[in-house]
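Visitor: Return a 3D structure for these sequence lines:
(chains A and B)
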Number of protein chains: 2
Amino acid sequence: MEFGSAENPLLVSVRSGARVSMPGMMDTILNLGLNDVSVEGLSKRTNNPRFAWDSYRRFIQMFSDIVLDMKPTTKEDIDPFEEIIEGVKHAKGVKQDTELDVDDLKTLVTKYKEAVKVKTGKDFPQEPQQQLWRAIQAVFDSWNNDRAKYYRILNKIPEDWGTAVNVQAMVFGNMGNTSATGVGFTRDASTGENIFNGEYLINAQGEDVVAGIRTPQQITLIGSKRWAELQGVAEEVRKAQFPSLEESLPETYQELKNVQEKLEQHFKDMQDIEFTIQNGKLWLLQCRNGKRTGAAMVQIACDLFREGKIDEKTALKRIEPNKLDELLHPIFTPEALKTAKFVAKGLPASPGAASGQIVFFADEAKKFAQSILVRIETSPEDLEGMNIARGILTARGGMTSHAAVVARGMGKCCVCGAGALNINYKQRTLEVNGKVYAEGDWISLNGSTGDVFEGKLQTQEAQLSGDFGLIMDWAEKYTRMYVRTNADTPKDAQIARKFGAKGIGLTRTEHMFFEGERIKAMREMILASDLAGRQTALAKLLPFQRTDFEGIFEAMNGYGVTIRLLDPPLHEFVPHETAQQQELAQEMGLTLDQVKQKVHELAEFNPMLGHRGCRLGITYPEITEMQTRAIIEAALNIKAKGLDVKPEIMVPLVGNFNELEHQLKVVRKTADAVFKERNDTIHYLVGTMIEVPRACLVADQIGQIAEFFSFGTNDLTQMTLGFSRDDAGKFLPYYITNGILKVDPFQVLDRQGVGKMVELAVKNGKSTNPNLKVGICGEHGGEPSSVEFFHIVGLDYVSCSPFRVPIARVAAAIANLTNP
Amino acid sequence: MEFGSAENPLLVSVRSGARVSMPGMMDTILNLGLNDVSVEGLSKRTNNPRFAWDSYRRFIQMFSDIVLDMKPTTKEDIDPFEEIIEGVKHAKGVKQDTELDVDDLKTLVTKYKEAVKVKTGKDFPQEPQQQLWRAIQAVFDSWNNDRAKYYRILNKIPEDWGTAVNVQAMVFGNMGNTSATGVGFTRDASTGENIFNGEYLINAQGEDVVAGIRTPQQITLIGSKRWAELQGVAEEVRKAQFPSLEESLPETYQELKNVQEKLEQHFKDMQDIEFTIQNGKLWLLQCRNGKRTGAAMVQIACDLFREGKIDEKTALKRIEPNKLDELLHPIFTPEALKTAKFVAKGLPASPGAASGQIVFFADEAKKFAQSILVRIETSPEDLEGMNIARGILTARGGMTSHAAVVARGMGKCCVCGAGALNINYKQRTLEVNGKVYAEGDWISLNGSTGDVFEGKLQTQEAQLSGDFGLIMDWAEKYTRMYVRTNADTPKDAQIARKFGAKGIGLTRTEHMFFEGERIKAMREMILASDLAGRQTALAKLLPFQRTDFEGIFEAMNGYGVTIRLLDPPLHEFVPHETAQQQELAQEMGLTLDQVKQKVHELAEFNPMLGHRGCRLGITYPEITEMQTRAIIEAALNIKAKGLDVKPEIMVPLVGNFNELEHQLKVVRKTADAVFKERNDTIHYLVGTMIEVPRACLVADQIGQIAEFFSFGTNDLTQMTLGFSRDDAGKFLPYYITNGILKVDPFQVLDRQGVGKMVELAVKNGKSTNPNLKVGICGEHGGEPSSVEFFHIVGLDYVSCSPFRVPIARVAAAIANLTNP
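Guide: Predicted coordinates for the structure are as follows:
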């Protein structure tokens, strides 16, 4: 067949064959050889003029954009092709491209060609060879565009590799009843079952399968029968109207079946295969590792191992750690989802599925047996109610907002930052797109997708299969780093142990200050006018803290428990509403004005960078004394029960040697006093949270007196990037949508910036203290790509919320296999 | 004489002879050889039992603290000696140590010795040799204490240097009428006049001269006569009661005069000499370069040069750049200060002296011909009033608060953070320690010391002598870096040029947005609901900005002018009080609720890390377009007048390559459009402010497309250290008082932290762009130690507020001479 001729309109596709996929590299498949003559040939040959003309107009647009450089460079520029098609649709009074008929498409082609003439001064090239060479040239040129160059610098890809160009002939599945096109999977992508499956359509092109105009048929007979049963289609009807490929083209089917077996055998993984049958001849268009659900991923990896096709290490590397999350939480049943009424979408802040009745205030979470707490945003005071509610929904805040962080810590379903919600606390209503929901109305949240649904949906519990355990055993076997958990309660600690956590990397003591009598004593401490007053209040807090720590030590028997000294600014603990301030004033014997004055004094312009962390412990050493006493006394009490307690006291927000030295002295002195009183001792460590950029730069100094570093990558990200995570919602989504950033740096560690700081700190710290224990307790500790980075830079452990522990364990093991 | 015997109670002093002074090194002079026997001998020999016993009790305390390790290590520990002396004073009913008599001192000695026995279990050592050797050992030991070790690590001082120990015999000036003690200066420390001067006392020890109990006499006859004239003392009285040393001990005087000449000749600088005359024999105790005023410093350096004693380079190195400040601003007359009534002390935020009538609101600054603006804190809206007022006084905020920064920029006297002030805006009163000042009352501020005085004080203008010009010429000759200025107005630019600024390193465009019609257009832009609305408002701002830039370009003819694109978060521009919001709503045709809603939406938790800097220019490219247009149009207009315009457009808060690339495209495209419209072009640079830590880490990437870097060390300090400068007042003073930090990092660049980031950024940036121009425009650009650092790391220029330009120029030259 001649390339681009009228009789035999062979088309070819051109794309980059660069060794790695790079932004900016020309990765569009251009179906070349289309022109005024061949489009007519294509119409006849495929018996589908609409397909031919639509292909032609798409080709003109793509070729012009990419090869003729007509693509708009900024958002403000007008795209001439978009303008034309909008005009044609408007004139015809339709909204969808699919509503355009052959004549409309012909009009588009004419107008497109005019636009090209206006812009370039030349006619759209009709000569197939010219189209081909220009396209090839464009691919080569794209190696040197700015984005590709920048990407190579970033990723250290050699400049001299260059790119290849792939030129392939096209085949057609729409040439009659012995032609077909389809997609097959060597195993079930949804369940992992070892069975060949997939869909096809006779006399169709690839677009038709996905377009949903015709109902695709099953490739295998067994698949077809299963499908019919599910759809309630009678066997006669199935056989007549929706036969399997196995039945309709049995020989080609057998060839395909053999090929898929060979392909899986070759690639040793479940394959996603695209094929076209042209006049009875089978062509494979593409094959790649198939996408799959979490459950299928685990099943397939373990099956391939048991079938002897891959070894343990390879099987483990097949696990995408994040997908394990699907296995750890309840989900909505597929049936429930089919009829569910979608309400709004927010961020998938904490996975799982939950249904409940709406409450708007944390202290009313108990109002219903199953409640969903709906807030504009949550605050530390809402902690108890968040724990009671089945799920949490907020209108504001990102993936690391208070609601998101706390919910993940609790393993509780949470959707946050659902901007479409209008919450009216006074009227106790939630309005979305004109529809109003009241307190007590049922809603359902999918924390894994961010979807919010109306009403009560059926859920099913997480089922941790035997294969899940096998994966965890492999993770244990091949990891270098171990995994700890961030836990503020014995319950969290127990969940995390069940998932394989070896110790606690972060206990936030301040979360313990919000309940009942505790918050009163805390406020009394804050409002005290002198040291004596603060000490009296702290003495009231001491037994609470001690009891809390006892519970945590007991739950983590045998493993290290890192407890962070008080970190947040004090104004987080005082009431900001007049009624509560009045109440506090009465309790404290102060005037309302005095309370208001104190609250005002505590306010800060940028609290994240204010009077918090060790700055509190230094200006009020009595706080550090009380907390140290509570930790050491609790440790001795639990030791007395015969358990193995390993306390690690962590000083937050250290930026220089003197700060840590100051706090170290207070801690050591207090601990020595307790040891003397009790006539008993216990080994404990004192270290620091590395979260201020400066700490990384002077980690050699700090390392001299710290027994461990734990990276607080949340704050380190905030300060290194200058992004307030509570405010980044104003520009971060825009940044990601517009390619300024690839990912949210609060979710995936920014290796070049924050990672560089971490690397520096590890290197500096170990230069003066080779025995320094180094871990990380920020949100990144449960994110696989970040875990890999922490492995590479030599951390001893990562710590994450309990439900992320299995994910981190697998990620750590894979990181070790990939970066030995 | 035998060391420590009763008859000849020779005393010796012991101190460290380390090559550099180090914290922790034993630098106390211990007068050894004191015991129960020699103290009696000392009493007789000096005929001063009080002196002898007071020396003895001080010796016991010092020796016990330092050699016997009895010094308290934390604030909470009780100092036994302080407890004893307080008890004795209490029993006697006196408050001052000086009110204790010989018997009291003997009691103290007894009790001190008991305390030593209790603490150490041994008697206080009576054997002089033992005292001596233990003291020597203590000095050697101090080489290895934690503080000294840490200091050596910090300052890269070799461990193996070790320390020497100095042991010296004591002499006594209180042995009769041919004994004396005094202090002399080889030149006048106040004026710089080349005349030997000083004070002495017959039959006295050093303490007596400074104690102020007896009136010290002048050393020289001419000095004595001048003194008498000033004091209104008749010549007969002077000669009889206050004779000069030249008259009372003429031979010894002559010897002293010869010695001081030799010393100055040797050290080639004005010497401060301490001497004792023991029975007619002259002993020199110490000599060192004398402290002097700014005026004396300049005069002495230039005189020594003209006298041929030192060369230009040495003379220049004699200048402490900060002291030049005294010469650049008006000061209170010495007479006025003598009778001034002190009110409160704040931070010396911006130097100079000012008197005026109190106003509490910026828009009322015009109310009096000479006003002082008194505020809790200032905000950008107060700009005009600040400019009108003679001086600014605030109750809150540090050295880099808004008031301080703006005042320094204006060269206007400012005292800030005067915590004792209670300002009541409603009643328009200022209350300090119970005394109330009302609007219209006169007060006076000394911005160089932070002192606030009552009433109107006489001031005298700055007098830039010829020697000042000579110093500046030398600075010009020997500097490598050049100095630019931070200027937002043509007036500032002119002042800075007068002081030798070569260009503008920072023009903050936002300061231009607050006046009259501008703020209206700005608010219209912020409140606009779509792009078209914003563009309409921006079109109104364009002519204002263009005119502003024209003025600045004209004033800086021939030099580069760096203009920073919009930086602060938008909520700084909207009104926060209901009345103003109501007004705005009416103007904009909105409801009050709509305005309130928008203001609420703009609020941020941590605005420093929020939606500001290039994040604004990226999400609203139309702002960058308008500002670029204004800059380029202004540049072309001024070029058309025949002047030499060199615009440099600076993108703020860049943290990654893509941000700068985005803004760069907008700028280039806009400039090209203007060039096309005007049919004219001009060369301009586009660069970025390096102020986010991440930018330093990826400066190699950013450097590829930036034509210059300008370090914003204010924000870089905030983020690297995690210190909000607006909130640091809550812990920074405590940190400095308690030795956690040596200096305020917002004043003196933190070399180990922020400096390390700057160094990294310069290195990284130049690695990909060797032609990169690198400067600094933070507050540190006018601080000598920071300027030295910037020289060392290879910056091309520093930029500072106009009145700091001469200081920076000298600092830069000295840095070059010291670090060639």
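
Visitor: How about the residue of the stretch 151-300 of chain A found nearest chain B, nearest residue that isn't a chain neighbour?
Guide: Closest contact between the stretch 151-300 of chain A and chain B, by Cβ to the nearest Cβ, is at residue A:153 (6.6 Å). For the C-beta atoms, the positions are set from N, CA and C on the backbone; glycine is no exception. Excluding its sequence neighbours, the residue lying closest to residue A:153 (Cβ to Cβ, 6 or more residues apart in numbering or on different chains) is residue B:701, at 6.6 Å.

Visitor: what helix or strand is the one you found on?
Guide: If you go by DSSP states H and E, residue B:701 is part of helix B:699-703.

Visitor: what's residue A:744 in contact with, if anything?
Guide: Residue A:744 is in contact with A:398, A:399, A:732, A:736, counting by Cβ atoms under 8 Å, 6 or more residues apart in numbering or on different chains.

Visitor: Please convert the buried members of the residues you listed into ChimeraX selection syntax.
Guide: For the buried members of the contacts of residue A:744, the matching ChimeraX selection, counting by 16 or more other Cβ atoms under 10 Å in any protein chain shown, is:
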select /A:398,399,732
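
Visitor: Out of the contacts of residue A:744, flag the one nearest to residue A:417.
Guide: Using Cβ to Cβ, residue A:398 comes nearest to residue A:417 of those, at 5.8 Å.

Visitor: Find the least confident helix or strand in chain A, judged by mean pLDDT.
Guide: Of all helical and strand segments in chain A, the minimum by mean pLDDT, DSSP states H and E falls on helix A:206-211, at a mean of 63.

Visitor: right, and the helix or strand after that one?
Guide: Using DSSP H and E, the helix or strand that follows helix A:206-211 in sequence is strand A:217-218.

Visitor: show me where pLDDT drops low in chain A?
Guide: For chain A, the stretches with pLDDT under 70 are A:1-9, A:24-30, A:73-76, A:154, A:207-213, A:400, A:463-465.

Visitor: Determine the longest helix present in chain A.
Guide: Longest helix in chain A by number of residues, with DSSP state H as the criterion: helix A:531-555.

Visitor: for that helix, packing partners?
Guide: Under the contact definition 3 or more Cβ pairs under 8 Å, 6 or more residues apart in numbering or on different chains; DSSP states H and E, helix A:531-555 sits against helix A:490-498, strand A:504-508, helix A:516-527, strand A:560-564, helix A:621-640.

Visitor: a markdown table for those, including distance to residue B:649?
Guide: Shown next, in a markdown table, are these (distance: least, Cβ to Cβ, whole Å):
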| stretch | distance to residue B:649 |
| --- | --- |
| helix A:490-498 | 52 |
| strand A:504-508 | 44 |
| helix A:516-527 | 47 |
| strand A:560-564 | 44 |
| helix A:621-640 | 49 |
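
Visitor: which of the ones you listed sits most buried?
Guide: strand A:504-508 (a mean of 26; mean count of other Cβ atoms under 10 Å in any protein chain shown).

Visitor: For the residue of the stretch 151-300 of chain A closest to chain B, which three-state class applies?
Guide: On the three-state scheme (DSSP: H, G, I helix; E, B strand; the rest coil), residue A:153 is labelled helix.

Visitor: Would you mind measuring from it to residue B:663?
Guide: Note on residue A:153: its distance to residue B:663, by Cβ to Cβ, to the nearest Å, is 19 Å.

Visitor: Which one of those two is surrounded by more residues?
Guide: A count of neighbours by other Cβ atoms under 10 Å in any protein chain shown puts residue B:663 above the other of residue A:153 and residue B:663, at 23 against 15.

Visitor: shouldn't that one be in contact with residue B:617?
Guide: Yes. Judged on Cβ atoms under 8 Å, residue B:663 makes contact with residue B:617 at a distance of 5.3 Å.

Visitor: Can you check which residues contact both of the two?
Guide: In terms of Cβ under 8 Å, 6+ apart, residue B:663 and residue B:617 are both contacted by the residues B:565, B:624, B:651.

Visitor: Between those residues, which sits nearest residue B:591?
Guide: Once Cβ to Cβ is applied, the member of the shared contacts of residue B:663 and residue B:617 that ends up nearest residue B:591 is residue B:624, at 31.0 Å.

Visitor: Report how many residues lie close to the closest residue to that closest one other than its chain neighbours.
Guide: Excluding its sequence neighbours, the residue lying closest to residue B:624 (Cβ to Cβ, 6+ apart) is residue B:617, at 4.1 Å. Per other Cβ under 10 Å, the neighbour tally for residue B:617 reads 27.

Visitor: Equivalent analysis for residue A:770, please.
Guide: Residue A:770 sits with 8 neighbouring residues when counted by other Cβ under 10 Å.

Visitor: That one and chain B: what is the separation?
Guide: Residue A:770 sits 17 Å away from chain B, going by Cβ to the nearest Cβ, to the nearest Å.

Visitor: hmm, back to that, now distance to residue A:725 and secondary structure too, for the contacts of residue A:744, in CSV please.
Guide: Listed next are the contacts of residue A:744 as CSV, based on distance: Cβ to Cβ, whole Å; DSSP: H, G, I helix; E, B strand; the rest coil:
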residue, distance to residue A:725, secondary structure
A:398, 6, coil
A:399, 9, coil
A:732, 9, helix
A:736, 14, helix
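
Visitor: pull the CA atoms of stretch A:466-478 into CSV?
Guide: C-alpha atoms of stretch A:466-478 as CSV (Å, rounded to 0.1, in the frame of the first residue of the first chain):
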residue,chain,number,x,y,z
GLY,A,466,-3.4,-14.4,54.1
ASP,A,467,-1.5,-12.9,51.2
PHE,A,468,-1.3,-9.6,53.0
GLY,A,469,0.6,-11.3,55.8
LEU,A,470,3.0,-12.8,53.3
ILE,A,471,3.8,-9.4,51.9
MET,A,472,4.4,-8.1,55.4
ASP,A,473,6.7,-11.0,56.1
TRP,A,474,8.7,-10.2,53.0
ALA,A,475,8.8,-6.5,54.0
GLU,A,476,10.2,-7.5,57.4
LYS,A,477,12.8,-9.7,55.7
TYR,A,478,14.1,-7.2,53.2
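
Visitor: For it, buried residues please.
Guide: Within stretch A:466-478, the residues that qualify as buried are A:467, A:468, A:470, A:471, A:472, A:474, A:475, A:478, counting by 16+ other Cβ under 10 Å.

Visitor: Where strands are concerned, which of the residues you listed count?
Guide: If you go by DSSP state E, the buried residues of stretch A:466-478 have nothing in strands.

Visitor: Let's see which of those residues end up in helices.
Guide: Short answer: the buried residues of stretch A:466-478 in helices (DSSP H) are A:467, A:468, A:470, A:471, A:472, A:474, A:475, A:478.

Visitor: correct me, but the fifth one touches residue A:806?
Guide: Which is residue A:472. Yes. Residue A:472 lies in contact with residue A:806 (Cβ under 8 Å); the separation is 6.3 Å.
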